[in-house]
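S.K.: quick check, what structure comes out for this input:
(2 chains, ligands or ions: 4)
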Amino acid sequence: MRPFGYVSAPDVATAVRVVSTEPNAKFLGGGTNLVDLMREGVERPDTLVDVTGLPLTAIEELPGGGVRIGALVRNARLAADPLIRSRYPVLSRALLSGASAQLRNVATVGGNLVQRTRCPYFYDHASACNKREPGAGCDAIGGVNRNHAVLGASEHCIATHPSDMAVALAALDAVVELESVRGTRRVPLLDLHRLPGETPHVETVLTADELITAVELPHLPVAAASHYRKVRDRASYAFALVSVAAALHVREGVVTDVRLALGGVAAKPWRAHQAERVLLGAEATEEVFLRAADAELAAATGLPDNTFKIELARRTIVATLQELLTDGSAA
Amino acid sequence: MRINGATTVLELEPRVSLLDALRDELGLTGTKKGCDQGACGACTVLVDGERINSCLALAVQYSGREITTVEGVDHPLQAAFVANDGLQCGYCTPGQICSAIGMLAEHAAGAPSAVTEHLCEPDPELTDAEIRERMSGNLCRCGAYNGIVDSVREVAVAEQLR
Ligand SMILES: Cc1cc2nc3c(=O)[nH]c(=O)nc-3n(C[C@H](O)[C@H](O)[C@H](O)COP(=O)(O)OP(=O)(O)OC[C@H]3O[C@@H](n4cnc5c(N)ncnc54)[C@H](O)[C@@H]3O)c2cc1C
Ligand code: SF4
Ligand code: FES
Ligand code: FES
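M.R.: Ligands and ions are numbered 1, 2, ... in the order given. Next up is the predicted model:
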């Protein structure tokens, strides 16, 4: 690892000031992604501003019934929080399905959201990668692309976003709060990550000096009946091939409310708006669930190694909705 | 730094990981380096009683925190691993032991896991499936998993009886 400077920020104002004034500075959360990427020479900051001492560690109920989560809350604590477990089980489940207990004890909400892709070519300096080196090309497209995107990819990059937590947050209409020397702004989670287009190295709408300070969940009764299903090569401690976050409410056999998002399929957590449109007001049957999945996946395109993901996503959507229907929680 | 109950003063570059500080600076080689990428758990240590991977931790971030390595552990799990063949080569064992200590504390605090059926259950039973899932951050190349699960279960049951 190259040498770099280290600053432990005592407050938010200092953190954002140092990152905006020091050249090539980056925030350091739990370090579980950034330290790895620095060791591999993919990230090369000159200064790290450690934000783990900032007082952004609360999980608070909001007056309207929503919840505000500080950006420095560790993944394990968020997953175990009683409010999250009872009102937003999909979020607990998504977190618990990610990484390992050791990593979840350290990983922060902010760091989890902007963690970078696990595309192996992105890590490998001998390969061409537009994300690591804009304009270099993309070795994944003609290479091993089993873990890559089937939705929203471009000819410049087919990487996926690896976060499970973000998929649940996408289903829950979460809002992300950002702070910089220019002030505070709020961005819907669905607008935080960008599709690759011609600039796969630009992954989010965050500017380099913007700190994620909180994530807010709206009051969302449908989320009480929600689930996360993750399909992967081994049962634990592996990234998703495909994952589904779903919340469903059914009354007299008809879908009255639904939220659906997919992971492992795109460069961002993928909210399945098309599928939701088919589901809302329709009968809660397997046939309708299949039709909804097909509507969402109509735009999906596969490469030789990852075409299986389209069928896998279809089946996983249906299975997750069926599970919510039959375990009684959706009624 | 606070390591195994003692205070140690170290001058380190910020890029030194907690794992390298323990092994190379302090000679505490019980903590192992398997992958150096967060993917195996061999480097697991306890920080204020919580298990973490020391390979992805910058030492500078942990100054002042109470760090426990296998050298500072005196726990029934150690005898249980020996009695139940919880190891073959032993390379993963320090990480397994530290991880299991952290895991039992998480379970005692009511934390759920990915295989917990009812998330709101305050006290999920520590079934073999729960032990396997909760210990999945520790790989064992020798495949001593059955003995590891037996060891953890034995100690968990004994702790509950206490
Ligand atoms: C072996 C392994 C397996 C894993 N498996 C999974 C998995 O199955 N599912 C999954 O979802 N994840 C998985 N992960 C990834 C893990 O969840 C992330 O590494 C973690 O969430 C990152 O959080 P952190 O706080 O450690 O971030 P850091 O490593 O500290 O930071 C990551 C990035 O976020 C930036 N950053 C940090 N905090 C902020 C902030 N507040 N505002 C703005 N920017 C910020 C940093 O500058 C950096 O660019 C795995 C990781 C490993 C090593
Ligand atoms: S898919 Fe994206 S991250 Fe992977 S090699 Fe291509 S450009 Fe790089
Ligand atoms: S050496 Fe740290 S997880 Fe493998
Ligand atoms: S005992 Fe050899 S790696 Fe686990």
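
S.K.: all strands for chain A, in order.
M.R.: With strands called from DSSP state E, chain A shows them at A:5-8, A:25-28, A:47-50, A:59-61, A:67-70, A:175-180, A:183-188, A:211-217, A:226-231, A:242-251, A:254-263, A:270-271.

S.K.: from memory A:Ala214 sits against A:Ala71, does it?
M.R.: Yes. If you go by Cβ atoms under 8 Å, A:Ala214 and A:Ala71 touch, sitting 5.7 Å apart. Yep, even glycine has a C-beta here, placed from its N, CA and C like the rest.

S.K.: so for those two, which sits in the more crowded spot?
M.R.: Between A:Ala214 and A:Ala71, counting by other Cβ atoms under 10 Å in any protein chain shown, A:Ala71 is the more crowded of the two (26 against 22).

S.K.: overlap in contacts, A:Ala214 and A:Ala71.
M.R.: By the contact definition Cβ atoms under 8 Å, 6 or more residues apart in numbering or on different chains, A:Ala214 and A:Ala71 are jointly contacted by A:Leu56, A:Glu177.

S.K.: centre-most residue in chain B?
M.R.: Nearest residue to the geometric centre of chain B (Cα atoms, centre = their mean): B:Ser99, 2.0 Å.

S.K.: and that one, that's in a helix?
M.R.: Yes. Under DSSP: H, G, I helix; E, B strand; the rest coil, B:Ser99 falls within a helix.

S.K.: relative to ligand 1, how far out is it?
M.R.: Taking Cβ to the nearest ligand atom, to the nearest Å as the measure, B:Ser99 falls 14 Å from ligand 1.

S.K.: now do B:Ile148
M.R.: For B:Ile148, the distance to ligand 1 - Cβ to the nearest ligand atom - is 19 Å.

S.K.: next one: A:Ala126
M.R.: 22 Å.

S.K.: that residue: neighbouring residues, count only.
M.R.: Here the number of neighbours of A:Ala126 (other Cβ under 10 Å) works out to 6.

S.K.: tell me which other helices or strands the least confident helix or strand in chain B by mean pLDDT touches.
M.R.: In chain B, the helix or strand scored least confidently by mean pLDDT, DSSP states H and E is helix B:145-161, which has a mean of 95. Applying 3 or more Cβ pairs under 8 Å, 6 or more residues apart in numbering or on different chains; DSSP states H and E, we find helix B:145-161 packed against helix B:76-83, helix B:93-108, helix B:128-134.

S.K.: returning to what we had before: you'd agree the residue nearest to the centre of chain B is up against B:Leu139?
M.R.: No. Between B:Ser99 and B:Leu139 there is no contact under Cβ under 8 Å: 10.8 Å.

S.K.: so what sits against both of these two?
M.R.: B:Gly41.

S.K.: what parts of chain B come near ligand 1?
M.R.: Residues of chain B lying close to ligand 1 by Cβ under 6 Å from any ligand atom are B:Gly38, B:Ala39.

S.K.: contact residues of the stretch 151-300 of chain A facing chain B?
M.R.: A:Ala235, A:Ser236, A:Tyr237 (Cβ under 8 Å from any Cβ of the partner chain).

S.K.: can I get the residues you listed in a markdown table with pLDDT and distance to B:Thr127?
M.R.: As requested, those are exported to a markdown table (pLDDT from 0 to 100; distance: Cβ to Cβ, whole Å):
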| residue | pLDDT | distance to B:Thr127 |
| --- | --- | --- |
| A:Ala235 | 95 | 15 |
| A:Ser236 | 97 | 15 |
| A:Tyr237 | 97 | 18 |
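
S.K.: just give me the closest of those residues to A:Asp139.
M.R.: A:Tyr237 (26.3 Å; Cβ to Cβ).

S.K.: got a list of what that closest one touches?
M.R.: A:Tyr237 is in contact with A:Ala99, A:Ser100, B:Ala39, B:Ser136, B:Gly137, B:Leu139, counting by Cβ under 8 Å, 6+ apart.

S.K.: and the two most separated of the residues you listed?
M.R.: Farthest pair in these (Cβ to Cβ) is A:Ala99 and B:Leu139. Separation: 13.4 Å.

S.K.: ok, the two, which is more surrounded?
M.R.: Legend: neighbour count by other Cβ under 10 Å for A:Ala99 and B:Leu139, higher for A:Ala99 (31 against 19).

S.K.: tell me the pLDDT of that one.
M.R.: Note on A:Ala99: pLDDT of 98.

S.K.: excluding chain neighbours, what is closest to it?
M.R.: The shortest distance from A:Ala99 to any non-neighbouring residue, by Cβ to Cβ, 6 or more residues apart in numbering or on different chains, is to A:Ala107 (6.6 Å).

S.K.: count the neighbours of that neighbour for me.
M.R.: For A:Ala107, the neighbour count with other Cβ under 10 Å is 28.

S.K.: residues contacting it?
M.R.: Contact analysis of A:Ala107 by Cβ under 8 Å, 6+ apart lists A:Gly29, A:Gly30, A:Thr32, A:Arg74, A:Asn75, A:Ala99.

S.K.: how about a cut-off of 7 Å?
M.R.: The contact partners of A:Ala107, by Cβ atoms under 7 Å, 6 or more residues apart in numbering or on different chains, come to A:Gly30, A:Thr32, A:Arg74, A:Asn75, A:Ala99.

S.K.: restricted to helices, list these.
M.R.: Counted as lying in helices by DSSP state H, out of the contacts of A:Ala107, are A:Asn75.

S.K.: okay, the contacts of A:Ala107 in a markdown table with distance to ligand 3 next?
M.R.: Formatted as a markdown table, those follow (distance: Cβ to the nearest ligand atom, whole Å):
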| residue | distance to ligand 3 |
| --- | --- |
| A:Gly30 | 14 |
| A:Thr32 | 10 |
| A:Arg74 | 17 |
| A:Asn75 | 16 |
| A:Ala99 | 11 |
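
S.K.: neighbour-wise, give me the winner out of the contacts of A:Ala107.
M.R.: With neighbours taken as other Cβ under 10 Å, the top of these is A:Ala99, carrying 31 neighbours.

S.K.: residues contacting B:Val155?
M.R.: B:Pro76, B:Leu77, B:Ala80.

S.K.: if we use 10 Å, what do you get?
M.R.: B:His75, B:Pro76, B:Leu77, B:Gln78, B:Ala79, B:Ala80, B:Phe81, B:Asn84, B:Ala100, B:Ile101, B:Leu104 (Cβ atoms under 10 Å, 6 or more residues apart in numbering or on different chains).

S.K.: how many other residues sit next to the fifth one?
M.R.: I take that to be B:Ala79. B:Ala79: 12 neighbours (other Cβ under 10 Å).
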